[in-house]
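Colleague: below is the sequence, then the predicted model.
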Amino acid sequence: MRKIAVLTSGGDSPGMNACIRAVVRAAAFNKISCIGIRRGYQGLIEDDFTRLNARSVGGIISKGGTILGSARSEDFMQIEGRKKAYENLKKHGVDAIVACGGDGTFKGASVFMSEYPDISIVGVPCTIDNDLYGTDYAIGYDTALNTAMEAIDRIRDTADAHKRLFFIEVMGRDAGFIALRSGIAGGAEAILVPEIKTDLEALVSQLANSRKAKNSSCIVVVAEGDDAGNAYKIADAIRGKSPYEDIRIVVLGHIQRGGSPSCFDRVLASRLGLAAVDALCNNKRNIMLGQNGHKIIEVAFEKAIKHHQELSPYLVHLMEVLTI
Ligand code: F6P
């Protein structure tokens, strides 16, 4: 192993920079040189490489976003795009890649390695949605949760003042992880997630219970991918049927993706970055690193891609108990 490249791909997540820093420093520790690829697989195709060393990644651990930039590359889905990418890797003498991203990133990595077996790729899970199978936590999820929780707390203040019902939409186009945890932490009166079929009549009676209990406000946290639609659609569907006449809708959107990473995400990113380099040094490939309990684990790309991460039944039960 002489040269490792690192890239960030797909939706960015807070902690990607901490991971880049760990990869570069772990490589330097092992006397391996490291190069950064800008804008994920797109930069790989367009030969957008940048030298990185232990000092050039100083001061980035606390920064959100990614210093390398990110992209969802359509060209990498094409055979010609991947051929160009391979030629550029050879030109730069790169033996292996640490790919930081989500399932789209790992799908691309898997296809690429089947076509070009002399390049090894290991993945580091980075997505605020936390929907990757095999790891308890993806980098960025904890920070996004805290951002969403803080927003819910702020909305609660004004909702209380006006005795209003708020629908707060959080990210998660296929998964309810952000909604479930931030909703529990924010004391939401109802939480709607794609994994559980939404029953609008049950929601209306939940809202009636909240009114009867003389709650001065009511907050419904909605994952953007909920089967009943987005927050606007759900609010429209219950309008006139719920005891709350004054309804407001807030879509938190991309503020959940930005910001300085939490302590948890910085440490997770540092651990997984080091583990990724160690795995490559031990001739591992085609795997995603992850965390299970307190342990760092390896998950085959094939598994991480094929399976769907399920919501914890315990947290779902907790939500049901706390939202009576
Ligand atoms: O990063 C994952 C995610 O945040 C999803 O929850 C959301 O639907 C999507 O990214 C938004 O992506 P984009 O920034 O490309 O619109």
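Modeller: That came in fine, so what should we check first?

Colleague: give me the phi and psi angles of the closest residue in space to residue 141 that isn't next to it in sequence.
Modeller: Using C-beta to C-beta, 6 or more residues apart in numbering and skipping the chain neighbours, the partner closest in space to residue 141 is residue 130 (3.9 Å). Backbone N, C-alpha and C define where each C-beta goes, glycine included. Backbone geometry at residue 130, expressed as degrees, to the nearest 10, gives phi 60, psi 30.

Colleague: ok, now which ones touch residue 124?
Modeller: Residues counted as contacts of residue 124 (C-beta atoms under 8 Å, 6 or more residues apart in numbering) are 19, 23, 98-101, 139, 269, 272-273, 276, 288-289.

Colleague: now tabulate the residues you listed in JSON lines and tack on pLDDT.
Modeller: JSON lines is the format used below for these (pLDDT from 0 to 100):
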{"residue": "19", "pLDDT": "98"}
{"residue": "23", "pLDDT": "98"}
{"residue": "98", "pLDDT": "98"}
{"residue": "99", "pLDDT": "98"}
{"residue": "100", "pLDDT": "98"}
{"residue": "101", "pLDDT": "98"}
{"residue": "139", "pLDDT": "98"}
{"residue": "269", "pLDDT": "98"}
{"residue": "272", "pLDDT": "98"}
{"residue": "273", "pLDDT": "98"}
{"residue": "276", "pLDDT": "98"}
{"residue": "288", "pLDDT": "98"}
{"residue": "289", "pLDDT": "98"}
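
Colleague: which residue does the protein have closest to the ligand?
Modeller: Per C-beta to the nearest ligand atom, residue 11 is where the chain lies closest to the ligand, at 2.6 Å.

Colleague: show me what contacts the residue nearest to residue 141?
Modeller: With C-beta under 8 Å, 6+ apart, residue 130 has these contacts: 137-138, 141, 175, 177-178, 309.

Colleague: and the stretch 151-300 of the chain, which of its residues are near the ligand?
Modeller: Near the ligand, the residues belonging to the stretch 151-300 of the chain are 171-173, 224, 257 when assessed by C-beta under 6 Å from any ligand atom.

Colleague: let's go with 5 Å and repeat that
Modeller: Contacts of the stretch 151-300 of the chain with the ligand, taken as C-beta under 5 Å from any ligand atom, map to 171, 173.

Colleague: looks to me like residue 168 is in a helix.
Modeller: No: counting by DSSP: H, G, I helix; E, B strand; the rest coil, residue 168 falls outside a helix, being strand.

Colleague: in this structure it contacts residue 230, no?
Modeller: No: applying C-beta atoms under 8 Å, one finds residue 168 not in contact with residue 230, separated by 11.5 Å.

Colleague: from the contacts of residue 130, which ones fall inside helices?
Modeller: Among the contacts of residue 130, the ones falling in helices (DSSP state H) are 141, 177-178.

Colleague: in CSV: those residues, plus neighbour count.
Modeller: As requested, the ones in helices among the contacts of residue 130 are exported to CSV (neighbours: other C-beta atoms under 10 Å):
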residue, neighbour count
141, 29
177, 28
178, 27
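
Colleague: what ranges does the stretch 1-150 of the chain have for its helices?
Modeller: Along the stretch 1-150 of the chain, counting by DSSP state H, counting those that start in this stretch, helices occupy 16-29, 40-45, 79-91, 103-115, 141-162.
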